[in-house]
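Undergrad: Build me a model from this:
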Amino acid sequence: MENGMQSIVETSSPVSRRKALALLLGAVVVARAQASTAPKPTLLVVGDSLSAGYGLETGKGWVDLLRKRMEAKRPGWSVINASISGDTTAGGLARLPALLARDKPRVVIIELGGNDALRGLSLQQTQDNLSRMVTLCKQAGAGVLLVGMQIPPNYGPAYTARFAALFSEVAKAQRVALVPFLLSGVVTHPDWFQSDNIHPTAQAQPIMLDTVWPHLQPLIGLKSAKGVR
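TA: Next up is the predicted model:
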């Protein structure tokens, strides 16, 4: 458009050139204003206490660290943490439509299910809830990263194995990205857990972020490379 307007400016009468120049400047101003007011792409995290930063100082959770990394690697993105301590997949599913309507995320990280297992809830219902959440995100035009969880073996081998497997089953059926186990680099360090032996300390949070990051990168337009921060 600018080249065409420039031709008009060069070949027209002085009055016409002034009008054309005014139009050109006006178009540039409008374009810049639209660019400056365009909404930021949003990354929404819907999780439980592991993502809400339970027991940690403000700003020390892995989602807070993710926000800082996004500022460096993908400036212009907004990270919204909608995680609630104690939340279940049923709670997340109930909250999700309003979150999608409000935040209009480009990417959603779903980190839920641990509290379902700790309460001995139906694993089929947990799987159905997660699947429905993924469907709602995709219908809203958002990419999805599903975060897997595991539970201690004292819940019984069958229940433990079934719970661990349901995340990959949802991810495969829905064709979305999966973090196999959020705490994969943490569980081998007992001293990285708070006194309840459930919630990781601040020391573990960078490891949790590094576990998520390679799987998130393709969704935010970065090449995935494990170990690259």
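Undergrad: residues contacting I80?
TA: For I80, the set of contacting residues under the criterion of Cβ atoms under 8 Å, 6 or more residues apart in numbering consists of 42-45, 103, 105. Quick note: C-beta positions are derived from backbone N, CA and C, even for glycine.
Undergrad: Take those and write them to JSON lines, including pLDDT, neighbour count and distance to L96.
TA: Output for the contacts of I80, formatted as JSON lines (pLDDT from 0 to 100; neighbours: other Cβ atoms under 10 Å; distance: Cβ to Cβ, whole Å):
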{"residue": "T42", "pLDDT": "98", "neighbour count": "17", "distance to L96": "14"}
{"residue": "L43", "pLDDT": "98", "neighbour count": "27", "distance to L96": "15"}
{"residue": "L44", "pLDDT": "98", "neighbour count": "24", "distance to L96": "9"}
{"residue": "V45", "pLDDT": "99", "neighbour count": "25", "distance to L96": "12"}
{"residue": "D103", "pLDDT": "98", "neighbour count": "18", "distance to L96": "11"}
{"residue": "P105", "pLDDT": "98", "neighbour count": "25", "distance to L96": "10"}
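Undergrad: out of those residues, who's nearest M133?
TA: Distances from these to M133 were compared by Cβ to Cβ; the smallest belongs to L44, at 11.4 Å.
Undergrad: Alpha carbons only: can I get the helix or strand in which the closest one is found in PDB?
TA: Using DSSP states H and E, the secondary-structure element containing L44 is strand 42-47. Output of strand 42-47 as PDB, limited to C-alpha atoms (Å, rounded to 0.1, in the frame of the first residue of the first chain):
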ATOM      1  CA  THR A  42      -1.900 -16.100  26.300                       C
ATOM      2  CA  LEU A  43      -0.700 -19.200  27.900                       C
ATOM      3  CA  LEU A  44      -3.200 -20.500  30.500                       C
ATOM      4  CA  VAL A  45      -2.200 -23.000  33.200                       C
ATOM      5  CA  VAL A  46      -5.100 -24.900  34.900                       C
ATOM      6  CA  GLY A  47      -3.700 -27.000  37.700                       C
END
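Undergrad: Thanks again, I'm all set now.
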